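Peer 1: only the shape, not the letters, is given here:
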């Protein structure tokens, strides 16, 4: 019966209701209500986490207003989050623990301009050479490229200093993943330092896919972390084909440590929000610039 229902494009919630009623697990309306409550609770917990990240220590009354919940509900939520090690509660207030604060910061950066990052990754994916040995850096746009590879795998060896990339590609058929050693940089879950640099010096890649915190007006690619800058600079020297994956918000910005220059990059992948005059200026200077629109559900 369920196959006949699915063939008619009946919503999954209706199919579940029919199955629950037929096989006598529980009243369908009760099961669906409980399911809905769990979804609402999960969404509310995510809202609390994000609000605490943006605003720091906050009171229970303030949180209740923000997520439109009762004080009793907020107190239960905070108790659950405290048991999970996510928040610390003190006298009617709550704040994120230091570790979770870093995780939420990473999530916020990962989700910034997400549609553009996915569209950029989709175009960069087309440049990956089957059977090659490539390097994926720790940039959030490059992470979207790893996600794209996960859903459309090919024979490939992927080196990375990004813990998230290694987790994303673990067990993907045909993809061999090699993670560099080094010191963990918690703010972006990357591996940096002397061990990572020594490993890179002994390797050569067919292609390197690189992100950046900033592309400065003088064509310098830069990042706020010194060790990451050294490692990324070395990545660029260990290949003849380096692709830069950066959304348009990264241009005309500055960051502390230099990684390299745009003339070391084979192709710049960015999005259509980049100012047309800047795009033309880059092309006039001889840079290959590929513009991506919004992704259309491919990732």
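Peer 2: Perfect, I can see it now. Values in this document were obtained by computation on a predicted structure and should not be read as measured data.
Peer 1: contacts for the helix or strand containing residue 243, please.
Peer 2: According to DSSP states H and E, residue 243 maps onto strand 242-245. For strand 242-245, contacts defined as Cβ atoms under 8 Å, 6 or more residues apart in numbering pick out 117, 120-121, 124, 127, 139, 141-142, 145, 207-212, 215, 221, 235-236, 262, 264-269. All C-beta atoms are positioned from the backbone trio N, CA, C, and that covers glycine.
Peer 1: now, those that are in helices?
Peer 2: 117, 120, 121, 124, 141, 142, 145, 235, 236 (DSSP state H).
Peer 1: from residue 67, how far off is the first one?
Peer 2: Applying Cβ to Cβ, to the nearest Å, the value for residue 117 to residue 67 is 27 Å.
Peer 1: pick out whichever of these two has more residues nearby.
Peer 2: residue 117 (28 against 17; other Cβ atoms under 10 Å).
Peer 1: any idea of the pLDDT on the more buried one?
Peer 2: For residue 117, the model assigns a pLDDT of 92.
Peer 1: how about residue 297?
Peer 2: 37.
Peer 1: sheet partners, orientation included, of the strand holding residue 243?
Peer 2: Each strand paired with strand 242-245, and its direction, by DSSP bridges: strand 207-210 (parallel), strand 267-271 (parallel).
Peer 1: which outside residues touch the first one?
Peer 2: Same thing as strand 207-210. For strand 207-210, the surrounding residues in contact (Cβ under 8 Å, 6+ apart) are 124, 127-129, 132, 134-137, 139, 142, 145, 221, 232, 235-236, 238-239, 241-245, 259, 265.
Peer 1: could you redo the last one with a cut-off of 7 Å?
Peer 2: 124, 128-129, 132, 134-137, 139, 142, 145, 232, 235-236, 239, 241-245 (Cβ atoms under 7 Å, 6 or more residues apart in numbering).
Peer 1: for that strand, what is the average pLDDT?
Peer 2: Averaging pLDDT along strand 207-210 yields 98.
Peer 1: likewise for the longest one?
Peer 2: Model confidence over strand 267-271, given as mean pLDDT, is 97.
Peer 1: can you name the next helix or strand after it?
Peer 2: helix 276-284.
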